[in-house]
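Colleague: pasting the structure only:
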Ligand SMILES: Cc1ncc(C[n+]2csc(CCOP(=O)(O)OP(=O)(O)O)c2C)c(N)n1
Ligand SMILES: Cc1ncc(C[n+]2csc(CCOP(=O)(O)OP(=O)(O)O)c2C)c(N)n1
Ligand code: SF4
Ligand code: SF4
Ligand SMILES: [Mg+2]
Ligand SMILES: [Mg+2]
């Protein structure tokens, strides 16, 4: 290694952007693992095109991958990039806005043909004038260099050029002084059997790595030191992967079969895809004909004694509304996952939003309360899934688990937990019938929980349904007083879930000018912003709400310790309104509905304004 | 007429109860019209059995009809009855709880056979001991008397006994000194062609009327004087009838065709039934295969230039959630009627509740705001339907109109309005395309309303859908900033509806101890209770909320004039929570979830407690 | 009587329908055809010596869908139209159960058409009994997807404009592996058809023509005449009254003529889907209504196909799952 | 180009598909079969001289359902599976429009099965084009109700376990009055089938076999061989390649044999539903796929049946309505 003239950074944001066919996700993922192996903490986010498969080179076809790596805990994939790799003019045009002023801009100058420029809406090449003066531009004719490096392997031009992403990866690894060995080994495994491609990719990777060296680009090198992380075995994980594994873990902890019924919908489809690959671990998946059938099949499975799960996004949750009412009435355990996307209606299916909280809370006829939990990071989806299932099973209730498009596709390192250290989940299985021979399906325990009697069990046969039931016996009842009682018992049972849950921890002082309340995926960005503001001397604290229902009783008191309560939400104020209603506190929304997470700048500004107001 | 030894009452509650086959609804309705003709104000409520058709004489098969008539404005069908007519033991058993202490109890003692008693759960006849000592019991062997009176007409026993309801009606008319002539004329018309039945019914009616006279029952006679009512032509009307006529009137006021798509569901089915009978006035009805198809057909009709309407109850509204999101995104006019019933799930389908407010507000994915209006009395359903349609059409938005089982089946006199005096509804039809030849479907006017371009109109062809649209042009847009703009514009448009609406009037002083906030069908009972409490010197006022969204801006200030704000709701506090969130006022719920409206006693007590607390 | 003692005593004394009754008062209108079906169903359970705990009746919403409350097995009265989906999930996770679905012409063919269709095509091992009274009973008399054109109902007093669907044809097109029809008033035959459904492995679809004396009295009245019913017997010629059914093999349509005149009466073959389709679509009003098992086929059932792909869950499977968590690239921080 | 000038000028110069294109860039994957269908659809509009303002394309959700954006008529891109219901309401109130529904195998047969079924049975006067690529395209490759058994997809990498439905059989059972099939790659034939749909009055159902090069490449590849396609012509014998199709009138199944050997080739009669059913269910993989109009029938359409019951709205109908308000018992308070 050469003498370090490298700029040391506490954290760096790197963004790879190219055409959908350019393999940017792969380059990003390899770079990510390398950073992880090197001890950085990190978070990543893929930025896929919304279109089906847009024409090559078009603006709509640009695919990007962003990673933030740090020498400390990193909670978001970062805002503006320190380094942007742009493989063609379209990628440059759509991603330049994501590059910091003075940031490093690596472009494949060989891809800036007249045609490609035109497709990207450039009349003349921005590389030829001072439009990019604000950046440290590094034009590299990757096209030519890759063709050169891969010449020995006899690939056609088009095929050879497929290795350009490895060239870019090589350069990026070099910039951060990372060992390309892992990636070479990976290539060896991945392309085994296709020697020409294997060799080309390796050659391109090495060419990229060496390019920085020979081209005297030492000034663009960056160094991010290892972070202090809890010891253990780690892997990188997306939210949807973690959620799937969490559901599997919950089923095992409960000793139940996992039955997952889904109907494909972006960005929840991967939950079905992932679980469908886990059949060797006993997972049953069912692609239903629609969302209604999916939730009903999950209810049937729950009635049948399994952990019934269904997963969807907003429009699908809407379709499940009626059946969720049934699940509430039946008091059966059920986990309903909503990976939120920008609505209303079809909206922007690939973009993130937190706008289904209201629907999760209230999207059913009648008084139909149920617990709602929101995952706060990709890896947290694992724990949130277990918690959701735990409450569902132990309290005999449907639970809605909220994730979102950012969490689902974003990734971060995950300390793989020791499953045997997790608390088992205890299904409240019905005992034998009472002395009079009768089984009473709505005989509640002290927590208001009814027994779960699995069909097939002799002596416990019973009939239940969506009509109001007499408490204790479960017989149909049109008695008004009983209905009020049952409505109250259903509410109290859900409220009672709160008793078993840890109160949210306040991050910061108990008194101050500003309290930021985060929920779901806003947690990471808010934590960073609050920490930074506190470091700047602002009297700001942070409270994260994990269980959206029941809300922790403590929030009101906590909030009253602050002059201002700000709730950053990717919606129009849905949690804010609940906080105001529950605690009569003058909470205000910092609303963002642009299909993306908050940036630091936005949060910083909100904190400053609140503190000064 | 004999010398009046009659007790004069400002208002009286009369309840007819019998087996489903006994014709109690008919007797009640005839009595009602007679009271109306005599100048009383009144309100009625039928109390149908929930069961399909329970066995004759069973408890489940009892059908009742209640009327409150008064010498002043009457807003509810009353709580406990002054007079109960019970045609058999089952009717007595299920309805006795509804009779005031010292109330008049007329029973058909001829129907108290051993078998009938047993069916009603009586071991011995309550007529034979002092179990009914608290009432003025008038046992009448109607069975024998009717058989006697109808003997000349040669009907079989069973058929002859069908006239018992007319005997009961006759007695009731005599009690209140009402002219039986109208009912005799009505019988003449109704049973024309079936002379024996016609004559028997007439004879039974007369027999009942004369019975009181001859049996020296003068002490049970009651007198309710005419009320002062606004002059004009009146009819009696149920909520579902009024709502149907209101929709028809709205369509006419807008110059549009009325297209109503429904799927049967209690208690909304009658809206479809009623409108299906209005084809001669150009109404198109469509019984869809399910609720989803119904709302989608209504959206299609709205897109096609009609007044699209769909009507349902809670579980059906749940199924319409997804399509309502589409209607919000399309910004098309649509009226969605929800006749609420007790939930969750199938719940108690024939019983009333106000528990779909949350669902109406929030039961959609994403931020999908829409206006919500709640009708407050059977006759008010007419105006509420017009208002809902007016806002839907003039603001190009779906509107949810909330009614409930009580309003739907309850009835009251209605001053038939002069349609030509009503403000026309002005659809914002698109003008010709702009100079550049383009038509811009999301080019909003100053109220944020987009133009309505009806397919078939040359030059205005355009494509819209549920994907986010660029403001102005309506083209698909994945641009985050545009999405936020559109989300905001959609919200502001709905909020803007409020500008055109009258602020709710405060009934009572602007300052005081207690403010009762009513919504929907609680209005009448709250108005009565507040008036009475004020008369007793309590400093209580009443505010009725008609538009549940947008909420009138004035409520917060109004509420701050009172020490206590109480919101009586047939749910678990749904409006209360909105008021708290919007205005940060410590509103408290008076919750009732027993499938019935509030009684005066319940409201009285709540007012007293609040005033004293 | 939900009662263990009873369950065990079953082995000893002969079972009767009483053993499968619940304490709940049966509440259909007097004269409703549902009573007869219920009686036959309870008798069937007795006849097959059903263990109560191993049968589940899943229903939707409607008069017909009140069925589960009256049978002392497990029962789930769900939401309108979705019973086949509920049953699919139930059977998938608890395959030893015998799962019955009870639905109506509105529940199963109107709102629940999609769920019915897909359960049939997947050959979910459930027995679907569709009570067809050609009307919505519970909501008090609107037309249903099987109501004849022109039928006056509360939802269209001027007469239904929608062409009815034939449940049996639809079930055949959807891929049901047993398709049968019975009528409430013929108890013995109904018992036989229910038995065929009980014995079938796969998606059995049974249409039961049912009278609703309140809202649609006697739609099947004509069927009381013997020559309006064609009782299908596998391998037997198709005879009814003194007539026989034959097939015009040019137009592929059915023809009825006196037995004497019919040279070649059709012989029923319940394995022939083509024949079943022709029988099902016998639109000609002069032809009798085919009753019995129109079609039966053996093909793999849904939960078995699923089970064949899924490895059974290990009890104490934490170890395998622990390994799974760490599959793929990992690194250790110390 | 939404343009009045254009609309009027149409009368003068011959129309071409360009006249029906919108400004929006067409965004399907390169090689997607949808491009070919779009081209033929636009050509059809030109061929029939369609007035843009009088056509509406209603769709659900899916790659296929993006169709309306690319056609310069009215268009509504709705929600998943519900286009037939939207179209029913639209046609009911605005009957002069020509209403097209574009849907996919997932949109139309999975989530939207019920809406499809009921629109067909009601004979709603709409033309339904179902693009069948045997996969969910937009959500990136899950199996659909038409995916063959065993097909590996992201939603079941071990292979689809569900028996596929045949769209054409289902449409026949549901009561469609025109049932046809075409394939994206045969432009001329597709044009003819679209034309038949355009000319039909009633619920026309057209299945268009469509290639999805990304998630389900060449499921219909075998059909490139002439002897895998059976082009149906009304009144013409059923010939394909050098073979002919005949019917085994005992088993009611189809048989293929060389033209020479076939004594009695079937002759197509699009009025025969029985024949259409036999053709549709030709399950035998050795038989060719029938293309063209399988079935056509004339029966009253939904909006006409509705219109026949409804009296036209009077303009200025307040008077009649005013009378209506006061019908029944009234009284006057003075
Ligand atoms: C979502 C929903 N929509 C509508 C209803 C009202 N509803 C209950 S039963 C029924 C129709 C029942 O008809 P059918 O299935 O033929 O049963 P039947 O009563 O005739 O036996 C309807 C529309 C409901 N319960 N839920
Ligand atoms: C309510 C709802 N559920 C799920 C989806 C996700 N989704 C969009 S398109 C689609 C399937 C499309 O398949 P198909 O109709 O065959 O169309 P293709 O893309 O193959 O043309 C699905 C499941 C959705 N948009 N809405
Ligand atoms: S309404 Fe008809 S189907 Fe329902 S219980 Fe009564 S008779 Fe039976
Ligand atoms: S995914 Fe398939 S169907 Fe969709 S646009 Fe691409 S090729 Fe066409
Ligand atoms: Mg029915
Ligand atoms: Mg498809």
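Modeller: In hand now; what should we look at? Not measured: the values here are computed from a predicted model. Ligands and ions are numbered 1, 2, ... in the order given.

Colleague: for the residue nearest to residue A:415 when sequence neighbours are not counted, give the beta-bridge partners.
Modeller: Closest residue to residue A:415 apart from its sequence neighbours, by CB to CB, 6 or more residues apart in numbering or on different chains: residue A:232 at 4.7 Å. Heads up, the C-betas are built off the backbone N, CA and C, glycines and all. On the basis of DSSP bridges, residue A:232 is bridged to residue C:333.

Colleague: need the contact list for residue A:232.
Modeller: Contacts for residue A:232 (CB atoms under 8 Å, 6 or more residues apart in numbering or on different chains) come out as A:415-416, C:332-333.

Colleague: at 7 Å instead, please
Modeller: Counting by CB atoms under 7 Å, 6 or more residues apart in numbering or on different chains, residue A:232 makes contact with A:415-416, C:333.

Colleague: what number of residues lie near residue A:509?
Modeller: Neighbourhood size, residue A:509 [other CB atoms under 10 Å in any protein chain shown]: 13.

Colleague: residue A:26 too?
Modeller: Applying other CB under 10 Å, we find 16 residues neighbouring residue A:26.

Colleague: returning to that earlier point: quick check, nearest of the contacts of residue A:232 to residue D:158?
Modeller: For the contacts of residue A:232, the closest approach to residue D:158 (CB to CB) belongs to residue A:416, at 26.3 Å.

Colleague: give me phi/psi at that closest one?
Modeller: Main-chain dihedrals, residue A:416, degrees, to the nearest 10: phi -60, psi 120.

Colleague: roughly how far apart are it and residue C:184?
Modeller: Residue A:416 is 61 Å from residue C:184, where distance means CB to CB, to the nearest Å.

Colleague: okay, and the residue of the stretch 51-200 of chain A found nearest ligand 4 sits in which element?
Modeller: Closest contact between the stretch 51-200 of chain A and ligand 4, by CB to the nearest ligand atom, is at residue A:52 (4.1 Å). Using DSSP states H and E, residue A:52 is not contained in any helix or strand.

Colleague: so it touches residue D:28, yeah?
Modeller: Yes: between residue A:52 and residue D:28 there is a contact at 5.8 Å, judged by CB atoms under 7 Å.

Colleague: without its sequence neighbours, what residue ends up closest to residue C:215?
Modeller: Per CB to CB, 6+ apart, closest to residue C:215 is residue C:141, 3.6 Å.

Colleague: on that earlier part again, where does the residue nearest to residue A:415 land on pLDDT?
Modeller: We note a pLDDT of 97 for residue A:232 in this prediction.

Colleague: between residue A:416 and residue C:184, who's got more neighbours?
Modeller: residue C:184 (23 against 19).

Colleague: OK, contacts around that one?
Modeller: In this structure, residue C:184 makes contact with C:33, C:36-37, C:190, C:208-211, judged by CB under 7 Å, 6+ apart.

Colleague: mind checking which of those land in strands?
Modeller: Residues of the contacts of residue C:184 located in strands (DSSP state E): C:208-209.

Colleague: farthest-apart pair in the contacts of residue C:184, please.
Modeller: The span of the contacts of residue C:184, defined through CB to CB, is set by C:190 and C:211 at 12.9 Å.

Colleague: skip ahead from the host helix or strand of residue C:91 and say which helix or strand is next.
Modeller: Counting by DSSP H and E, the element that carries residue C:91 is helix C:83-93. Following helix C:83-93 in sequence order, the next helix or strand is strand C:98-104 (DSSP H and E).

Colleague: and that next one, anywhere near ligand 3?
Modeller: No: judged by CB under 6 Å from any ligand atom, strand C:98-104 makes no contact with ligand 3; its nearest approach is 8.0 Å.

Colleague: and the helices in the stretch 201-334 of chain C, which stretches?
Modeller: C:273-280, C:302-309, C:318-325 (DSSP state H, counting those that start in this stretch).

Colleague: turn those helices into JSON lines, columns for mean pLDDT.
Modeller: Output for these, formatted as JSON lines (pLDDT from 0 to 100):
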{"stretch": "helix C:273-280", "mean pLDDT": "92"}
{"stretch": "helix C:302-309", "mean pLDDT": "96"}
{"stretch": "helix C:318-325", "mean pLDDT": "92"}
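
Colleague: tell me how many other residues surround the residue of the stretch 51-200 of chain C found nearest ligand 5.
Modeller: Ranked by CB to the ion, the top residue of the stretch 51-200 of chain C for proximity to ligand 5 is residue C:104, at 3.9 Å. Neighbouring residues of residue C:104 were enumerated by other CB under 10 Å; the total is 33.

Colleague: beta partners for it?
Modeller: Note on residue C:104: beta-bridge partners by DSSP bridges are residue C:131.

Colleague: mind pulling up the pLDDT for it?
Modeller: Among the per-residue scores, residue C:104 shows a pLDDT of 98.

Colleague: mind checking how far it is from ligand 1?
Modeller: Taking CB to the nearest ligand atom, to the nearest Å as the measure, residue C:104 falls 2 Å from ligand 1.

Colleague: my guess is that residue contacts residue C:62. True?
Modeller: Yes: between residue C:104 and residue C:62 there is a contact at 3.9 Å, judged by CB under 7 Å.

Colleague: which SS class is residue C:144?
Modeller: With DSSP: H, G, I helix; E, B strand; the rest coil as the basis, residue C:144 sits in coil.

Colleague: could you check which helix or strand contains residue A:67?
Modeller: Assigned by DSSP H and E, residue A:67 falls within strand A:62-70.

Colleague: so does that strand get close to chain C?
Modeller: No: using CB under 7 Å from any CB of the partner chain, strand A:62-70 stays clear of chain C, with a minimum separation of 13.7 Å.

Colleague: distance from that strand to the middle of the chain?
Modeller: Computed by CA atoms, centre = their mean, to the nearest Å, the chain-centroid distance of strand A:62-70 equals 15 Å.

Colleague: packing partners for the helix or strand just after that strand?
Modeller: The helix or strand immediately downstream of strand A:62-70 is strand A:81-86, counting by DSSP H and E. Under the contact criterion of 3 or more CB pairs under 7 Å, 6 or more residues apart in numbering or on different chains; DSSP states H and E, strand A:81-86 touches strand A:11-19, helix A:89-95, strand A:99-108, helix A:164-175.

Colleague: and the ones you listed: which comes nearest ligand 6?
Modeller: Nearest of the helices and strands packed on strand A:81-86 (CB to the ion): strand A:11-19, 25.2 Å.

Colleague: the closest one - contacts with which helices or strands?
Modeller: helix A:24-37, strand A:62-70, strand A:81-86, helix A:89-95.

Colleague: orientation of the shortest one relative to strand A:11-19 in degrees?
Modeller: In terms of direction (axes from the mean of the first three to the mean of the last three CA atoms, to 10 degrees), strand A:81-86 departs from strand A:11-19 by 20 degrees.

Colleague: angle of strand A:81-86 against strand A:99-108?
Modeller: Put simply, strand A:81-86 runs at 30 degrees to strand A:99-108, going by the same axes, to 10 degrees.
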